[in-house]
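Enquirer: here is the input, now give the coordinates:
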Amino acid sequence: MTLMQYRWQTPEELSPFWIGQGYGYKNLSLRPEGWASLPDDEIIYIPEAAYEKGYLELDDVYTKRDFEAIAGARACELFFACDWQTPEALWRECEIDDENEEGGYT
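Expert: Residues are numbered from 1 along each chain as shown. Prediction:
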């Protein structure tokens, strides 16, 4: 579902389900080899916390474009690693882990 479709429909298909370590929405049909052909505004992920209000706001849904803005060339990798948290939070964790592996911080 694209953002434009989301704005005009009641998105029952975006209902939360178990996605690894919590509930949320994730496009489970997406495969790494299909990332390049995915529309930029396709909704592909909604973290668990987004559902706590009882309704979704546009800021709570993540598209391919959002993942690319957060992680650049590693956007696809970030998408597949998300399993309940926001992509921003997981990306920060990955950056800290990368710094620790490089010996920058302990």
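
Enquirer: could you say which helix or strand contains residue 91?
Expert: If you go by DSSP states H and E, residue 91 is part of helix 87-101.

Enquirer: show me where pLDDT drops low in this protein?
Expert: Judged by pLDDT under 70, the chain has its weakly predicted residues at 1, 3-11, 96-106.

Enquirer: all strands of it, in order?
Expert: 17-18, 23-26, 43-46, 62-63 (DSSP state E).

Enquirer: elements contacting the last one?
Expert: The reference is to strand 62-63. strand 43-46 (3 or more Cβ pairs under 8 Å, 6 or more residues apart in numbering; DSSP states H and E). No exception for glycine: its C-beta is placed from N, CA and C like everyone else's.

Enquirer: for the strand it packs on, which strands pair with it and how are they oriented?
Expert: strand 23-26 (antiparallel), strand 62-63 (antiparallel) (DSSP bridges).

Enquirer: neighbouring contacts of that strand?
Expert: 1-3, 6, 14, 16, 24-27, 30, 38, 56, 60-64, 67, 79, 82, 87 (Cβ atoms under 8 Å, 6 or more residues apart in numbering).
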